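>>> I would like the atomic coordinates for the input below:
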Amino acid sequence: MTSGNPQTLDVAIAGAGPTGITLALALKAELGPSLRVTVFDPALGRTTARDARASMIAADGRALLERIGAWPDDAAPVAGLRITDSGLDAAIRPIFLELGEARPDGEPFAHMVSDAELRARLAERARAEAVGLVAQPIESHAREPGRVRLRLADGGEATARLLVAADGAGSPLRARERIPTYAFAYDQTALVATLGHEAPHGGVAVQHFLPGGPFAMLPLAGNVCSLVWSERRSEAERIAQADDETFLREAERRAGPDFGRLSLAGRRGAFPLRFVLARRFVGSRFALVGDAGHVVHPLAGQGFNLALRDVKALARIVAEAARAGEDIGSDAVLGGYESARRFEVASVAAATDALYRLFAAPGARGLRDVGMGLVDRAPALKRRIVTAASGL
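As a prediction, the model looks like this:
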C-alpha cells in the first residue's frame, strides 16, 4: 500500500480486536466477497500472550457469531445465575436472586467463551473470507468528496467510503474526530484469571456482591471457571502483585466453600475499571463501535454484548443502504445507526452504573436485598429478565 497508489476500500476499520474483526466478517456476510473491507491495527504484526479473560455472550451475539462462522467449539452454556450479597467472611451467603430458566425455545440465555479462542476463530475466518488485514495504525484521516483518505504510519495511503473506529476505550480516532465523552474511573480494578476447582459448577454462574466489589465465577467447559473479581484499587494492587498461592487463597476466601480448592488454569490479569460514553457515535463518514463508543462496569457482563449489537446494527444498516444503491457513508445512513444504538447503550450504561453504586453503598444492603428477594419470587418478571438478557 503506497502513497502513489492508495488502496480503494468500501469500509476501513481501525482495531483488530474481536469487535473490529466481527464487524468486517458481518459486512462480508451481508454483502458478499465483492465488499472491500480492511482492518488496520499494528497489533496484527505482534505475537501476544493468551488473554486471561472470557466473555459471557448472549443469545443474539451467539447467533451473529454463528452466522459468520466464528462460534468457538468450546463455548460453555450458562444454565443459571446465582447472586448473593454478604460480608467477606460471612459463614452463610444466602441466595437472594437465582435465574435458571432458559429462553422459550429451550436455549440457554448465554454462553461463556474464552477470549483467546474467540480471537483465534475470528482470525481464521477473516483469512478465509479475504478480509484485508494491515499491521499499521491509521495515523491521520481527512475528508474528500465521497470518501475518507487514510494515511498510515509507514507512509501508505488508502481511501474508504466509511471509516469505523473499533480501536478501544482510548480510541485515537475518536479523539481525532473530537467526539467528546462522559468518562470517569471507578475506584476498582478487575482481577481476572482462569481457575480450576474441585467441585463441579453445574453450568451455573455465581456472583457474590462483597464490600470490595462483585466477585464472579463464570462457568467454562469442565471444572473450570473464568474469574472476574472487582476489588478496591488499593487492595487489588496488593493481590495482583502477590504470588500465585496468595492469589488463590484470597480467591478461595471470596468464593466460599462451593467450589472447593482452587488452582490456576491460565494466566492472571488486572484491568482498571472505568466508565466511558461517547456523546455521539457517528461523524462525517465515521462511526464508533464497541469500547470506542462505550465502556461499562463488568458486573452485568454487558460490555461485549453491547459491542456485538453495535456490529449487528451497523452491518445491517450499511447493507440495506448498499442494496438500495445509497452512499454507505452518508449522514442519513449513519444517522440510522446512531438512532438504532443510542438509546440502548445509554440505558444499559446508566443502569449498570446505578447497580454498581447501589451495591457499593454500605447503607443500602437491606434495600437491595429486599429488591432482589421480590424479583426472585416473581417468575414472570424473572422470565422477562432472561428474555431481555438474551438480546432477542
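>>> element containing the closest residue to residue 315 other than its chain neighbours?
Leaving aside its sequence neighbours, residue 315 sits nearest to residue 26 (Cβ to Cβ, 6 or more residues apart in numbering; 3.9 Å). Backbone N, C-alpha and C define where each C-beta goes, glycine included. For residue 26, the element it lies in under DSSP states H and E is helix 18-31.
>>> so the residue most central in space within the chain, which of the three states?
Centrality entry for the chain: nearest residue to the mean C-alpha point is residue 304, 1.8 Å, by Cα atoms, centre = their mean. Secondary structure, DSSP: H, G, I helix; E, B strand; the rest coil: residue 304 is helix.
>>> can you confirm residue 66 is in a helix?
Yes - counting by three-state DSSP, residue 66 is located in a helix.
>>> Next, count neighbours for it.
Summarising burial for residue 66: neighbours were counted as other Cβ atoms under 10 Å, giving 11.
>>> what does the one 4 residues further on give?
Other residues near residue 70 number 22, with proximity taken as other Cβ under 10 Å.
>>> any idea how far it is from residue 172?
26 Å (Cβ to Cβ, to the nearest Å).
>>> next one: residue 154
Relative to residue 172, residue 154 is positioned 16 Å away (Cβ to Cβ).
>>> and the closest residue to residue 124 other than its chain neighbours, what is it in contact with?
Spatial nearest neighbour of residue 124, excluding adjacent residues (Cβ to Cβ, 6+ apart): residue 70 at 8.0 Å. By Cβ atoms under 8 Å, 6 or more residues apart in numbering, the residues touching residue 70 are 22, 25, 118, 121-122, 124-125.
>>> Most widely separated two among these?
Greatest spacing in those, by Cβ to Cβ: 22 and 124 (13.0 Å).
>>> Of those two, which one has the most company?
Using other Cβ under 10 Å as the criterion, residue 22 and residue 124 rank with residue 22 on top: 30 against 12.
>>> contacting residues for residue 164?
Applying Cβ under 8 Å, 6+ apart, the residues near residue 164 are 11-14, 20, 23, 286-289, 314.
>>> Adding neighbour count, distance to residue 220 and secondary structure as columns, could you present these in TSV?
Output for the contacts of residue 164, formatted as TSV (neighbours: other Cβ atoms under 10 Å; distance: Cβ to Cβ, whole Å; DSSP: H, G, I helix; E, B strand; the rest coil):
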residue	neighbour count	distance to residue 220	secondary structure
11	26	34	strand
12	28	35	strand
13	30	29	strand
14	23	31	strand
20	28	25	helix
23	30	26	helix
286	21	37	strand
287	27	33	strand
288	27	31	strand
289	29	26	coil
314	27	30	helix
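>>> ok, of the residues you listed, which one's closest to residue 83?
Of all the contacts of residue 164, the one sitting nearest residue 83 is residue 289; the distance, using Cβ to Cβ, is 30.1 Å.
>>> distance of the closest residue to that closest one other than its chain neighbours from residue 292?
Nearest residue to residue 289, sequence neighbours excluded (Cβ to Cβ, 6+ apart): residue 310, at 4.2 Å. Distance of residue 310 to residue 292, given as Cβ to Cβ: 9 Å.
>>> go on, residue 33?
27 Å.
>>> more crowded one of these two?
Legend: neighbour count by other Cβ under 10 Å for residue 33 and residue 292, higher for residue 292 (31 against 8).
>>> So which residues of the stretch 101-250 of the chain form strands?
In the stretch 101-250 of the chain, the strands defined using DSSP state E, counting those that start in this stretch lie at 110-114, 132-134, 138-144, 147-152, 157-165, 181-197, 204-210, 213-220, 224-232.
>>> so can I have TSV of the ones you listed showing mean pLDDT and distance to residue 357?
What follows is the strands of the stretch 101-250 of the chain, written out as TSV (pLDDT from 0 to 100; distance: least, Cβ to Cβ, whole Å):
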stretch	mean pLDDT	distance to residue 357
strand 110-114	92	24
strand 132-134	97	41
strand 138-144	96	37
strand 147-152	97	40
strand 157-165	98	29
strand 181-197	96	10
strand 204-210	90	12
strand 213-220	94	12
strand 224-232	95	13
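>>> Between the ones you listed, which one is closest to residue 80.
Nearest of these to residue 80, taken as Cβ to Cβ: strand 204-210 at 4.6 Å.
>>> Pull the residues that contact the closest one.
Strand 204-210 is contacted by residues 56, 78-88, 93, 100, 112, 214-219, 254-256, 258, 299, 359 when judged by Cβ under 8 Å, 6+ apart.
>>> cool, stretch 147-159 as well?
1-3, 6-9, 12, 38, 40, 42, 134, 136-144, 160-163, 285-286, 329.
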